[in-house]
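1. Have a look at this fold, sequence not included:
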């Protein structure tokens with residue numbers, strides 16, 4: 001039925017376009033923002049019809065407008081209205097709750113797109129992307145290493161090897177030498193081999209999630225077109241033909257990260273086994289006692305060699321945006337993970353050989369592994385900051401967040417998130433296994449040091465928030481006079497004035513985000529470096545290291561360690577609870593979807609296990625709809641986007657052919673285009689890119705409120721009519737009036753269409769659109 005309706009609308013539109021005596025149709029294509037909306041809410045009608053699309057994303061019309069193009073005389077009261085609903089791309093079914101595991105990957109992927117604007121520095125730009133991809137690779141290794149720490153070290157090595165712990169957890173009894181009377185599985189190597197199935201399963205799960213979403217999102221091919229000459233002269237990269245088609249890079253990165261995860265598991269099994277075989281007193285049931293040591297050395301060499309290949313694959317190729325790159329590197333994508341899986345199988349067989357005299361004691365070599373990962377991550381972040389500073393110097397943007405250092409700061413936060421999640425899981429599992437707190441050695445010392453720096457970091461953040469709160473209070477006082485000026489006349493209600501002023505002051509906190517991120521990321525880097533130095537110089541926990549110092553120092557270290565462990569445990573519990581609730585509750589899943597609306601707009605360029613980019617489906621959807629409708633009808637089209645929908649609308653306009661772009665008007669409201677995207681992603685939404693978009697579309701108007709914490713002006717001027725409308729009044733009326741007999745609400749970021757200015761600006765845009773359709777090859781444009 002839907003296909004019949006679509007064909008009917010297209011056929012009628014084509015016939016209409018051939019009749020010059022008919023009034024040309026006008027279309028308003030609505031795109032909702034974060035949190036989603038139903039088509040009934042967007043169109044203001046309970047009877048809606050899906051005219052194209054599927055259950056994931058679709059375009060809807062009111063039932064009475066299905067064949068509106070064939071009845072142009074009835075549309076004089078306003079444009080035909082369509083609603084593009086894309087909220088299921090980020091909320092969807094219960095499996096989306098698993099995306100919470102991918103939060104560090106999503107954050108590091110954002111760092112890739114936060115690079116500063118650069119001119120004539122292509123190699124430096126490529127090096128910036130390479131560093132972010134390497135940081136993403138370390139996060140994969142960190143997550144799998146944490147799973148190895150829990151399964152191999154804490155459970156199989158420490159708990160199963162300790163009688164008291166194994167007695168408390170009877171499910172480990174068959175792995176305990178004391179309880180199983182030295183059964184076949186109780187040998188240390190076989191315990192490690194069996195426990196390795198847990199991190200292997202995690203790696204396979206990450207591969208599965210990435211491949212499934214890759215086939216659903218990255219496989220959506222954009223409308224084919226040739227690159228425009230302006231693509232090479234400063235045009236936003238969002239307009240390049242292959243920008244929203246990252247299929248090849250994601251497949252390569254997925255193969256490399258999967259191989260890295262499997263190699264991490266293989267190394268966790270091989271290294272302790274080979275270390276035992278190289279001991280002078282080691283014995284084996286094999287004919288030659290030197291054979292196991294030789295095989296272990298060869299296996300370690302093979303693991304190192306394949307790890308080098310993984311790093312090479314990650315560094316070798318970036319994104320191909322100037323064309324639709326449909327190659328897939330099938331041999332590499334298949335053989336690299338299979339090679340790592342083969343080495344893992346050999347490692348498990350190697351560890352399973354009988355080794356009389358090998359007993360588990362202490363910890364596995366987790367300190368060196370986690371310390372090496374932390375050191376590499378810190379060096380990568382520092383190098384990224386240097387490169388970002390060099391890029392920012394080539395084209396200084398005063399509005400860029402943190403003077404172009406937003407990317408390195410966010411990459412640091414991604415590494416910190418990964419460390420907190422890894423340390424939290426390890427600490428909680430250790431506490432659960434070791435009920436008395438005395439029978440197990442516990443997780444690596446470095447993880448305890450990292451947990452201990454969380455309390456001072458939180459104290460610093462709380463002090464900063466207190467300072468921002470004081471500034472907001474002072475701003476509120478100044479806004480009281482501004483509110484009185486904006487609503488002259490009549491008797492003033494002090495409580496209502498205070499609410500309006502407070503809302504405006506709170507909305508301004510968005511502009512202070514760079515300060516919060518800068519302080520948090522810098523403190524995280526310094527405290528993390530201190531934790532790394534403390535762990536490797538003392539080889540003891542902070543509490544133990546402080547025993548020989550002053551009482552105050554010892555007490556502070558003890559408090560920080562205990563409080564940090566408690567905070568990590570609380571965070572882990574909240575994380576699991578939130579994920580479980582999101583799996584069962586659609587409303588909670590939609591709340592998480594708001595986070596993904598903002599974080600997964602960008603393609604997966606740095607990490608293949610990040611949540612998928614919904615814009616790789618939404619932008620082609622919008623582009624195809626706009627292009628096919630304007631070609632078929634020759635009509636006027638207003639692309640109307642709210643909040644995140646305005647970002648999708650701008651991205652879709654960039655993807656249109658120049659002739660089609662000139663036949664479209666933009667109406668954005670509550671838009672974060674400049675306030676958030678322009679500051680944090682200056683290379684793609686900076687002043688030059690937005691000014692160029694203003695010149696290339698027929699006309700553009702932007703609505704915003706001072707009470708809106710997300711939307712703001714786009715600050716485009718000097719290239720035609722002003723884009724920004726003066727700030728809309730919020731509330732519409734201060735007190736009770738004939739038109740508003742009840743107190744008008746403070747709307748903030750929502751319900752922009754309730755303001756009369758919305759309908760007025762839409763009509764002006766339609767009136768400014770050229771009345772006649774130019775030929776497809778025409779280079780002329782509207783005087784607006």
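-> Structure received. A quick note: this is a predicted structure, and the numbers were derived from the prediction, not measured.
2. going forward, measure contacts between C-alpha atoms and count neighbours the same way
-> Noted.
3. quick one: the strands in the chain?
-> Applying DSSP state E to the chain gives strands spanning 26-31, 48-53, 58-62, 80-85, 636-642, 664-669, 699-703.
4. Please work out which of those strands is packed deepest.
-> Using mean count of other Cα atoms under 10 Å, the stretch among the strands of the chain with the greatest mean number of neighbours is strand 664-669 (a mean of 28).
5. Sheet partners, orientation included, of that strand?
-> strand 636-642 (parallel), strand 699-703 (parallel) (DSSP bridges).
6. can I get those strands in a markdown table with distance to residue 669 and mean pLDDT?
-> A markdown table is the format used below for the strands paired with strand 664-669 (distance: least, Cα to Cα, whole Å; pLDDT from 0 to 100):
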| stretch | distance to residue 669 | mean pLDDT |
| --- | --- | --- |
| strand 636-642 | 5 | 92 |
| strand 699-703 | 4 | 94 |
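7. what residues are up against residue 373?
-> By Cα atoms under 8 Å, 6 or more residues apart in numbering, the contact list for residue 373 reads 138, 142.
8. same question, residue 130
-> 314, 315, 318.
9. how about a cut-off of 6 Å?
-> Applying Cα atoms under 6 Å, 6 or more residues apart in numbering, we find residue 130 in contact with residue 315.
10. picking up where we left off before, kindly reformat the strands paired with strand 664-669 as JSON lines containing distance to residue 670.
-> As requested, the strands paired with strand 664-669 are arranged in JSON lines below (distance: least, Cα to Cα, whole Å):
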{"stretch": "strand 636-642", "distance to residue 670": "6"}
{"stretch": "strand 699-703", "distance to residue 670": "7"}
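11. Could you save the strands of the chain as a markdown table and add columns showing distance to residue 509?
-> Converted to a markdown table, these look like this (distance: least, Cα to Cα, whole Å):
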| stretch | distance to residue 509 |
| --- | --- |
| strand 26-31 | 26 |
| strand 48-53 | 38 |
| strand 58-62 | 35 |
| strand 80-85 | 30 |
| strand 636-642 | 21 |
| strand 664-669 | 19 |
| strand 699-703 | 20 |
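12. ok, residue 215 - how many residues close by?
-> Residue 215 has 11 neighbours, counted by other Cα atoms under 10 Å.
13. Check the burial of residue 432 by counting its neighbours.
-> Residue 432: 12 neighbours (other Cα under 10 Å).
14. can you tell me how far it sits from residue 101?
-> Distance, residue 432 to residue 101, using Cα to Cα, to the nearest Å: 21 Å.
15. repeat for residue 552
-> Applying Cα to Cα, the value for residue 552 to residue 101 is 38 Å.
16. who's more crowded, the two?
-> residue 101 (19 against 10).
17. Look up how far residue 577 lies from the more buried one.
-> 13 Å.
18. Residue 706 now?
-> Counting by Cα to Cα, the gap from residue 706 to residue 577 is 36 Å.
19. Of those two, which one has the most company?
-> Between residue 706 and residue 577, residue 706 has the larger neighbour count (other Cα under 10 Å), namely 23 against 12.
20. what's the neighbour count on the nearest residue to residue 364 once chain neighbours are set aside?
-> Spatial nearest neighbour of residue 364, excluding adjacent residues (Cα to Cα, 6 or more residues apart in numbering): residue 153 at 5.9 Å. Residue 153: 30 surrounding residues under other Cα under 10 Å.
21. do residue 316 as well
-> Using other Cα under 10 Å, residue 316 has 9 neighbouring residues.
22. same deal with the one 4 residues further on?
-> By the measure other Cα under 10 Å, the count of residues near residue 320 is 18.
23. Same question for residue 204.
-> By other Cα under 10 Å, 15 other residues sit near residue 204.
24. so how far is residue 371 from the residue lying closest to it once chain neighbours are set aside?
-> In space, and not counting its chain neighbours, residue 204 is closest to residue 258: 7.5 Å by Cα to Cα, 6+ apart. The gap separating residue 258 from residue 371 is 22 Å, by Cα to Cα.
25. Sketch out the helices for the stretch 1-150 of the chain, chain order is fine.
-> Here the stretch 1-150 of the chain has its helices, by DSSP state H, counting those that start in this stretch, at 2-17, 39-43, 103-113, 122-148.
26. which one of these is the most hemmed in?
-> Ranked by mean neighbour count, these are led by helix 103-113 with a mean of 27 (mean count of other Cα under 10 Å).
27. Can you give the distance of that helix from its chain's centre?
-> 5 Å (Cα atoms, centre = their mean, to the nearest Å).
28. Specify which residue of residue 258 and residue 371 has the higher count of neighbours.
-> Set residue 258 next to residue 371 and count neighbours by other Cα under 10 Å: residue 258 wins out with 30 against 20.
29. From residue 209, how far out is that one?
-> As judged by Cα to Cα, residue 258 and residue 209 stand 12 Å apart.
30. ok, how many other residues are close to residue 369?
-> 18.
31. Could you list the low-pLDDT ranges of the stretch 551-700 of the chain?
-> Within the stretch 551-700 of the chain, the segments meeting pLDDT under 70 span 576, 579-596.
32. can we see that at 90?
-> Filtered on pLDDT under 90, the stretch 551-700 of the chain yields the residue ranges 551-600, 611-612, 630-636, 657-663, 688, 692, 695-698.
33. Tally up the residues packed near the spatially closest residue to residue 192 that is not a sequence neighbour, please.
-> Excluding the flanking residues, the one nearest residue 192 by Cα to Cα, 6+ apart is residue 152, at 5.5 Å. By other Cα under 10 Å, the residues close to residue 152 number 28.
34. before we move on, what about the one 10 residues further on?
-> When neighbours are counted by other Cα under 10 Å, residue 162 registers 19.
35. which residues touch it?
-> With contact set as Cα under 6 Å, 6+ apart, residue 162 has no partners.
36. Could you measure from it over to residue 175?
-> According to Cα to Cα, residue 162 and residue 175 sit 10 Å apart.
37. Residue 159 too?
-> Separation of residue 159 from residue 175 (Cα to Cα) stands at 9 Å.
38. try residue 710
-> 55 Å.
39. Compare those two (neighbour count), which wins?
-> Taking neighbours as other Cα under 10 Å, residue 710 and residue 175 compare with residue 175 leading, 28 against 23.
40. In contact with that one, which residues?
-> Residues in contact with residue 175, defined by Cα under 6 Å, 6+ apart, are 160, 185, 186.
41. most surrounded residue in these?
-> When neighbours are taken as other Cα under 10 Å, the top entry among the contacts of residue 175 is residue 160 (29 neighbours).
42. nearest residue to that residue other than its sequence neighbours?
-> Distances taken as Cα to Cα, 6+ apart place residue 176 nearest to residue 160, at 4.8 Å, with adjacent residues excluded.
43. number of nearby residues for that neighbour?
-> Neighbours of residue 176 under the rule other Cα under 10 Å: 28.
44. next one: the one 4 residues further on
-> Burial measure for residue 180: 14 neighbouring residues, criterion other Cα under 10 Å.
45. didn't it look like it was pressed against residue 171?
-> No: using Cα atoms under 6 Å, residue 180 is not in contact with residue 171; the gap is 11.5 Å.
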